[in-house]
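**Q** please find the sequence and the predicted model below.
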Amino acid sequence: MIYDKPRNISFRVLPSVNSLVPKKKKKLNKVSHDLNNEPIIDISTMPVIDGVPMLKFHDDPDPNIIITEKRTFVPEVRNGDFNIIDVSELPDIDGVPILTLPEKKVEAEKKDGVVSEEINNKEIEHVEVNAPEATALKAPPITEKQKKSKVQKAKNESPKKEKTKKERIKKQRSPGYKTHLFKAASFFIMLYTGAVVAFIIPLRPDYSPSEKRNLEKFPEFSAELLLSGEYFSKIDTWFSDTFPYREFLTKAGTQIKELYGYNSVNIHGDVESGDDIPDAPLETSPTTEPTASNTDVTKAPVTQTEPKTTIPKDEKTDIKTQSLGAIIVAGDAGYEYYAFSKDLAPRFINSVSNIKSSVNGDADVYAMIVPTSIDITLNDNLREQTSSADQKKALNYFNTSFRDVTAVDGIYDTERLHRKEYTYFRTDHHWTALGAYYAYEQFALKKGITPIPLENYETKTYDNFLGTFYSSSGQTSKMAENPDYVTAYLPYNNVNCHIVEADGDAFDWNVVTDVTNYDRGSKYLTFIGGDNAITTITNQDNPDGEVCIVIKESYGNAFVPFLIPHYSTIYVIDPRHYDGTLSEFSSDKNIDDVIFIANISTTRNYIYIDAMERLIK
């Protein structure tokens, strides 16, 4: 039987059948048949030539065909009758099974049961099959170019086989595999450890030094909270606000963002879309200008007594501060957005306007609403691109809407005039003592008194101050590299300062306290001991002077020391910490003046406005 042009023969791939272990090269292959009675050959039992199995199969009446190694052939399925060869045990190139076909003429003759060969250089025309047995034949090797061509063809036309067990073991022992395995294991271990640490309650902080506020507490269980759904909401808030290592992770997060090259101008927090500022005042009624009475004569400076060094409470770390809105960070400076509130503005105006009636109408009332740094020191081009409300227009609305109050309305213009000076902190939302002094000059102008020149004061400076903008911006490195400093002007009068806190604790303090050893976020506490319920300052050099009440928030702290030369006694009230009413407090104190001072952000702060309404009853 002769097969012409065997290089064109096609084979069907079937699972292995009747596998036999080869004993010698003379061993014949066993023939099996499928359901269509087509012969099937088990290739795994064939002898090999240079590592390549010899392919041979039987066809009735038991002839043999010998296929020698010369040409790589990828089997494919075609229609029609043809022989079937099992190639499950064929050698492969990159997982692709191959068959080898001859390109040289092979004549097989049986001699004593052994096949001999004669190979010439002519092109093959046919393969003669005339022997029942065969032994391995040697064929010319495949050239390197042919190997590359066959391999590439095999890659493109056949799917890859699964890697052998030996190859998988080799891969697992490679250094790269072990490195990837170590990284994956480390990641999951860290993830699991972090999850465990997050639920360890003793590691959860209850106070933020950088933000100077108490963090959320775990809610107490109650059926009412549970049924309303607030219980789990409060747990969620507590969990997100008190995560372990909060200060460190917040700072690290900001530094990572900076490594990605974020812009030098960033916004932190949600920017509120404020209401339009009315063009007309809330209620137009003339205000009574105070007469220039009891104008003080400037006294020669007297050095303040040595500040006390005993601190009654651990640097007063329980200080409460108002929360900030959104802030914009430009380089190493922060600025708080301002949004006008048409709902809260009337309540604020009425509270301030009712101060006079709360002191039986006997005192002169002054209102000092202070602009914040975003409208004073922020670059004008950048300011025009922000959506912060126009503070000058808002200040005009409030100042013209107050009743029975003398509005100190020159503060905005004077702060703009001195904007190139150090009048506002860069890392904190407060103004500096210098900024407060320029506002004091405007107050003196309205009251008709002579302000004390700055050169009459001795100063004390405290370095390395990083305030609320620093903490609210995630502790940006640009602010940390260029911190603020706090300069205090020491009162030259002989004074006593007494503080009563919200919980009733009382102690003597200093108008200006040495905060050298305070943490870097608490340097502003140098002024009158921070925010307290009642602070009483007595000027022993002016026992017959006027008596004044200052109603304030934290902006007033840097302002109060400049009032000392003009009054015998100054009572400072922070309505956020004082539970009483102004009428009760002032009933027996013969008050001459009431000065209300707050930054413009309090006009939209419902917490402060609620406190003012409790005070002014």
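**A** Looks like it came in fine. Numbers count the residues shown, from 1 in each chain.

**Q** what's the burial count for the residue nearest to Gly334 when sequence neighbours are not counted?
**A** Spatial nearest neighbour of Gly334, chain neighbours left out: Phe469 (2.8 Å); criterion: CB to CB, 6 or more residues apart in numbering. All C-beta spots, glycine's among them, are computed from the backbone N, C-alpha and C. Residues near Phe469, counting by other CB atoms under 10 Å, number 27.

**Q** same question, Lys617
**A** Neighbours around Lys617, by other CB under 10 Å: 11.

**Q** please apply the same query to Glu224.
**A** With other CB under 10 Å as criterion, Glu224 counts 8.

**Q** quick check, it in a helix?
**A** Yes - assessed with DSSP: H, G, I helix; E, B strand; the rest coil, Glu224 lies in a helix.

**Q** domains in this structure, by residue range?
**A** Using automatic domain parsing, the domains assigned to the chain come out as 2-162, 253-615.

**Q** check these for me: which has the lowest mean pLDDT.
**A** Among those, domain 2-162 carries the lowest mean pLDDT, at a mean of 45.

**Q** quick check: buried residues in whichever strand or helix holds Thr414?
**A** Taking DSSP states H and E as the criterion, Thr414 maps to helix 411-417. Using 16 or more other CB atoms under 10 Å as the test for burial, helix 411-417 gives Ile411, Tyr412, Thr414, Glu415.

**Q** what about Gly410, how many residues nearby?
**A** Per other CB under 10 Å, the neighbour tally for Gly410 reads 17.

**Q** how about it: what's its closest non-neighbour residue?
**A** Gln442 (4.3 Å).

**Q** contact partners for that neighbour?
**A** By CB atoms under 8 Å, 6 or more residues apart in numbering, the contact set of Gln442 is Met368, Val408, Gly410, Ile411, Thr414.

**Q** and those residues as TSV, adding distance to Asp275?
**A** Shown next, in TSV, are the contacts of Gln442 (distance: CB to CB, whole Å):
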residue	distance to Asp275
Met368	23
Val408	25
Gly410	26
Ile411	23
Thr414	27
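
**Q** what's the farthest-apart pair in the residues you listed?
**A** Met368 and Thr414 (11.7 Å; CB to CB).

**Q** contacting residues for Leu434?
**A** Counting by CB under 8 Å, 6+ apart, Leu434 has contacts His418, Glu421, Tyr422, Thr423, Leu454, Thr487.

**Q** buried members of these into PyMOL, please.
**A** A single PyMOL command selects the buried members of the contacts of Leu434 (16+ other CB under 10 Å):
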select buried, resi 422+423
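
**Q** the contacts of Leu434 in strands, which ones?
**A** Among the contacts of Leu434, the ones falling in strands (DSSP state E) are Thr487.

**Q** my read is that Arg383 contacts Ile374, right?
**A** Yes - here Arg383 reaches Ile374: they are 6.9 Å apart, a contact under CB atoms under 8 Å.

**Q** more neighbours: which of the two?
**A** Ile374 (25 against 16).

**Q** now do the residue lying closest to the more buried one once chain neighbours are set aside against Ser471, distance only.
**A** Nearest-residue entry for Ile374: Tyr335, 3.9 Å, with adjacent residues in sequence omitted and distances by CB to CB, 6+ apart. As judged by CB to CB, to the nearest Å, Tyr335 and Ser471 stand 15 Å apart.
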